[in-house]
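Colleague: Generate coordinates for the sequence data below:
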Amino acid sequence: MSDLLSLASWGVKRALELGADEAEVFVSVSTSRDVSSEGVRLKATVSTSQAVQVRVAKGKRVASSLATSYSREVVEEVVARAVEMALKSEEDPHWSGLPDPQHPRHGWTGFDEGVATVDVEWLAGLAREIISEAKSDPRLTVSGVNVGAAYSRVALANSRGVSVEEKGTRFGLGVMLKSGEGTGGSWASSRSLFRDYYEVLDTAARQAIDSSKAVKLGETFKGAVLFRARPLAQLLANLLVPAVNAMNVLEGFSPLAGKLGEKVLGNLTLIDDGTMPGGLATSFFDGEGVARRGTVLVEKGVLKNYLHNTYTARRMGVESTGNAARGMGAIAVAPSNLILTGGGWTEGELEREAKVVADGHLLSVHTVNPVTGNFSVVVSNPYQVKGGDAVPVKPLAVSGNIYEVAALVKPARRVKTTYTNIYAPDTLIDGLTISG
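Modeller: Numbers count the residues shown, from 1 in each chain. From the prediction side, this is the model:
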């Protein structure tokens, strides 16, 4: 048993001694090393964060407390505060207890010794190499480069017998470039250390150089937009992820409430898989110790499941999907690895059908409305398709309602990484309003 798990287990015992009926203690520590630049000037940052999160129940009265450091004295204080608040809290009629122990459903660990031990000098050397390579093209100016490595350890224990711990790593790099008035950016992330930055650099360079030649669209029309995987991932994160969140369903903030078994998204298939080897969000357990698993959310357009933690699952009379997430002491619901499966088209076929190609990233995603399905976003690096050629144009707006155009959505065959926990193919969406 590690020091973290030993401390978490002691905290659970202490909470019960102080009068809690149930208790859960989560302890975490993480270290990140980052080298970033403003232009070509490098700056290194090393930071460590610690946290203790406690959740206790007295009957149906539930309270949480947290601290940003850990020691036995800190855990004692946080536990005592949580128990005291629970005794004064109002009852939650839907509370039905903490989760029970489960065995992990996969054996892949997202830990890489290279990421955990890499030093700042190595990161800085890679950043300088990227900058030097970018500067070799006289058309390009470096706006910024970032190379970072993170290593975390977590432990969780509860009074029902949950006792879990794991460690994980994440490595990533990003490049932002300028070419005249044009800009471009690209990123890559992995659970393991890597040096191959050329695809990232080439993508950022292409976007910057192309956008330096961009012309104004100068019109508004309806048509098909081919979203590259990365901007599509942004759209999914802000539009569909909240809609399949069971807490939003229960609170009346999802258009998919009461629609299990109904066709809601054309022929799309959407899967949450916390067991996927290599996934950025793969882990043995979720934020409350429930085993990660694979969950089909939408199958050929038909809504099959919502994302659940233990609380929402028991309210709906189903099993948790292993999607509990922690944030400032609260237990929320969040996806693990979200996968939009591929379709029956090549990327070239979809490009020929498109009026516009959405590349780069999306701006103004705060205007997306997951309650209605409406969205209006600005594409940073778009292209207009003319006579089979993709002509760079200045940023333009794309709007529509995902449920109204769901039958017009065509995903390409190849599912891509997007430097986030969302994996998706380039996808054509017809019936959208395009203006710029």
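
Colleague: Let me see the contact set for the closest residue to residue 418 other than its chain neighbours.
Modeller: Counting by C-beta to C-beta, 6 or more residues apart in numbering, the nearest residue to residue 418 once its immediate chain neighbours are dropped is residue 233, at 4.0 Å. In short, each C-beta sits where N, CA and C put it, glycine included. For residue 233, the contacting residues are 418, 420, 422-424, by C-beta atoms under 8 Å, 6 or more residues apart in numbering.

Colleague: among those residues, which two are most distant?
Modeller: 420 and 424 (9.6 Å; C-beta to C-beta).

Colleague: Looking at those two, which one has more neighbours?
Modeller: Under the neighbour definition other C-beta atoms under 10 Å, residue 420 and residue 424 were set side by side, and residue 424 has more, 28 against 19.

Colleague: How about residue 207: what's its closest non-neighbour residue?
Modeller: With C-beta to C-beta, 6+ apart, the residue lying closest to residue 207 is residue 184, at 2.8 Å.

Colleague: What about the one you found, how many residues nearby?
Modeller: When counting by other C-beta under 10 Å, one arrives at 27 neighbours for residue 184.

Colleague: cool, and residue 223?
Modeller: 17.

Colleague: Tell me how this structure divides into domains.
Modeller: 3-206, 216-436 (automatic domain parsing).

Colleague: First-to-last residue distance for the longest one?
Modeller: Going back to what we said before, that points to domain 216-436. End-to-end distance for domain 216-436: 7 Å, by C-alpha to C-alpha, to the nearest Å.

Colleague: Also stretch 368-375?
Modeller: For stretch 368-375, the separation between the terminal residues is 4 Å (C-alpha to C-alpha).

Colleague: ok, back up a step: inside helices: which ones of the contacts of residue 233?
Modeller: Judged by DSSP state H, the contacts of residue 233 include no members of helices.

Colleague: which of those residues lies closest to residue 165?
Modeller: Nearest member of those to residue 165, counting by C-beta to C-beta, is residue 420, at 25.7 Å.

Colleague: how about the nearest residue to the closest one, chain neighbours excluded?
Modeller: Using C-beta to C-beta, 6+ apart, the closest residue to residue 420 is residue 233 (5.3 Å).

Colleague: Confirm the one you found sits in a helix?
Modeller: Yes. Counting by DSSP: H, G, I helix; E, B strand; the rest coil, residue 233 is part of a helix.

Colleague: Look up how far residue 416 lies from it.
Modeller: For residue 233, the distance to residue 416 (C-beta to C-beta, to the nearest Å) stands at 9 Å.

Colleague: Name the residues contacting each of those two.
Modeller: With C-beta under 8 Å, 6+ apart as the test, residue 233 and residue 416 both reach 423-424.

Colleague: count of residues packed around residue 27?
Modeller: Count around residue 27 with other C-beta under 10 Å applied: 27.

Colleague: Same check on residue 218?
Modeller: If you count neighbours by other C-beta under 10 Å, residue 218 ends up with 10.

Colleague: Now that it has come up, it's in contact with residue 396, right?
Modeller: No. Taking contacts as C-beta atoms under 8 Å, residue 218 lies outside contact range of residue 396: 9.9 Å.

Colleague: okay, and the common contacts of the two?
Modeller: Taking C-beta under 8 Å, 6+ apart as the contact rule, residue 218 and residue 396 both touch residue 436.

Colleague: List the single closest residue to residue 36 in space, sequence neighbours excluded.
Modeller: Nearest non-adjacent residue to residue 36 (C-beta to C-beta, 6+ apart): residue 146, at 4.3 Å.

Colleague: What's the first helix or strand after the one helix or strand that neighbour maps to?
Modeller: Using DSSP states H and E, residue 146 sits in strand 141-158. Using DSSP H and E, the helix or strand that follows strand 141-158 towards the C-terminus is strand 163-179.

Colleague: Just checking: what are the partner strands of that following strand?
Modeller: Sheet pairing for strand 163-179, assigned by DSSP bridges, gives strand 141-158 (antiparallel), strand 182-190 (antiparallel).

Colleague: Quick one: residues in contact with stretch 6-26.
Modeller: 1, 27, 51-59, 70-72, 75-76, 78-80, 82-83, 86-87, 97-98, 154-160, 162-163, 287-289, 326.

Colleague: Kindly report the same for stretch 366-376.
Modeller: Contacts of stretch 366-376 (C-beta under 8 Å, 6+ apart): 235, 238-243, 248, 253-255, 364, 377, 397-404.

Colleague: can you check stretch 405-412 too?
Modeller: 224, 264-268, 301, 340-343, 345-347, 350, 353, 424-432.

Colleague: of those, buried ones?
Modeller: Taking 16 or more other C-beta atoms under 10 Å as the criterion, what is buried in those is 224, 264-268, 301, 340-343, 345, 347, 350, 424-432.

Colleague: for the stretch 151-300 of the chain, what spans make up the strands?
Modeller: 163-179, 182-190, 220-227, 270-273, 294-299 (DSSP state E, counting those that start in this stretch).

Colleague: now for the fourth one, which elements pack on it?
Modeller: On a contact count with 3 or more C-beta pairs under 8 Å, 6 or more residues apart in numbering; DSSP states H and E, strand 270-273 meets strand 294-299, strand 338-340.

Colleague: Alright, I will stop here.
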